[in-house]
Each structure stands twice: as C-alpha cells, then as structure tokens.
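[1] I would like the atomic coordinates for the input below:
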Amino acid sequence: MIKKNQISAVITAAQSTTVMDNISTINETLKHVLTINLTTDDRSHMLKMGEKTLAFVQKALEYAVQNPSLCPVFLDLVEAKKDYELAAGLQALKQKLTALLRAVEDAEMLAGSEAYDAALIFYNSVKGAARSNIAGSQAIEDDLRLRFPGKRRTTLPTV
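    Okay, here's the model as predicted:
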C-alpha cells in the first residue's frame with residue numbers, strides 16, 4: 001500500500017514559466033537537428049545505435065581513418081564521423097532528458113494518485129451523506145456521479 005501524502009509541493013506560475021521557457025530554448029537551440037519525423041515503419045526498419053553499439057561504431061570509424069586503403073570509395077568517412085558525433089551527443093542528451101521525464105512522470109503519478117484518493121474519500125462521504133438525506137449532498141453526488149470515471153450505467157429506453 002502506498003503511504004499517504006508522500007508528495008506535498010507546488011509549482012509556482014513563475015517556475016512553470018521558467019521551465020517552459022527553458023524547454024523552448026532547448027527546442028530553438030536544437031531546431032536544426034530536431035527536424036526529423038520518422039514513421040513507425042521507418043523506425044522498425046532502420047539500424048539502431050544504442051549504448052552497446054556506440055563503442056563498435058567509434059572503433060570502426062577510428063580504424064577507417066587509420067586505414068584509408070580499406071575504406072570503400074563510396075563511404076563518406078567525414079560524414080560518418082559527423083553522424084557518429086551527433087548520435088553520441090544526442091544519446092547523452094537523451095539520457096538526461098529520460099531521467100528528467102521519469103522523475104516528472106513519477107511526481108505526476110504520485111500527486112495524481114493522492115488527489116484521486118482524496119476525491120474518492122470525499123465522494124464516498126457525500127454518497128453516505130446523501131443516503132442520510134443531509135441537505136445539499138444529493139446534488140453534489142449527482143454532479144460527481146456524472147463525472148466519475150468508473151463504469152457508467154446506461155439505461156435502456158422503455159418501449
């Protein structure tokens with residue numbers, strides 16, 4: 001079971017603006033690189049360089065530079081090295097951004113879970129109050145029931 005109230009924080013409007021501005025700055029700084037929009041099919045059919053292949057690519061390109069006679073004429077080594085350096089740099093950025101995104105997702109999930117739990121506690125209290133005919137509780141229950149994300153009862157039209 002999750003502990004109650006594990007997160008109690010706010011993001012001020014100023015903080016939110018600063019973060020959004022920084023994200024815009026990142027997008028603007030990398031706009032010349034972030035122009036690619038691969039399809040799912042493109043992604044599934046392309047060679048992928050990850051952490052494990054990074055060292056292989058680096059070493060292969062070093063050998064190609066040291067042994068130009070073994071390099072095929074159709075291999076643009078300058079462009080290959082440029083692509084490697086870009087991929088390696090983007091991978092480092094991705095690692096930092098992935099860690100940040102995971103932390104944002106975790107905080108969002110925990111805060112949402114705690115807020116949802118509080119709302120359910122209140123909703124169940126209101127339902128009990130409505131059963132006891134406490135003034136105003138039926139209207140609140142009716143409104144919340146319409147918004148409750150659980151299964152909705154559908155009434156069939158009478159014939």
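[2] Which elements pack onto the helix or strand where Gln95 lies?
    Using DSSP states H and E, the element containing Gln95 is helix 77-131. In terms of contacts (3 or more C-beta pairs under 8 Å, 6 or more residues apart in numbering; DSSP states H and E), helix 77-131 is packed against helix 51-66, helix 137-147. For every residue, glycine as well, the C-beta is placed using N, CA and C.
[3] need those helices in CSV with mean pLDDT and distance to Val73, can you?
    As requested, the helices and strands packed on helix 77-131 are exported to CSV (pLDDT from 0 to 100; distance: least, C-beta to C-beta, whole Å):
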stretch, mean pLDDT, distance to Val73
helix 51-66, 94, 12
helix 137-147, 94, 67
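[4] OK, contacts around Gln91?
    Counting by C-beta atoms under 8 Å, 6 or more residues apart in numbering, Gln91 touches 49-51, 54.
[5] how about these, which pair is most distant?
    Farthest apart among those by C-beta to C-beta are Met49 and Glu51. That separation is 8.9 Å.
[6] who's more crowded, those two?
    Set Met49 next to Glu51 and count neighbours by other C-beta atoms under 10 Å: Met49 wins out with 15 against 8.
[7] Would you list the phi and psi of that one?
    Phi and psi for Met49, reported as degrees, to the nearest 10, are phi -100, psi 120.
[8] Correct me if wrong: it contacts Val57.
    Yes. Met49 lies in contact with Val57 (C-beta atoms under 8 Å); the separation is 5.9 Å.
[9] shared neighbours, those two?
    Common contacts of Met49 and Val57 (C-beta under 8 Å, 6+ apart): Ala87.
[10] Point me to the residue sitting closest to the centre of this structure.
    Geometric centre of the chain, nearest residue: Leu101, 5.5 Å, by C-alpha atoms, centre = their mean.
[11] re earlier: for the contacts of Gln91, please prepare CSV with the additional fields distance to Ile7.
    Formatted as CSV, those follow (distance: C-beta to C-beta, whole Å):
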residue, distance to Ile7
Met49, 37
Gly50, 33
Glu51, 32
Leu54, 36
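[12] Looking at the residues you listed, which one is closest to Leu34?
    Taking C-beta to C-beta as the measure, Leu34 lies nearest Met49 of the contacts of Gln91, at 17.7 Å.
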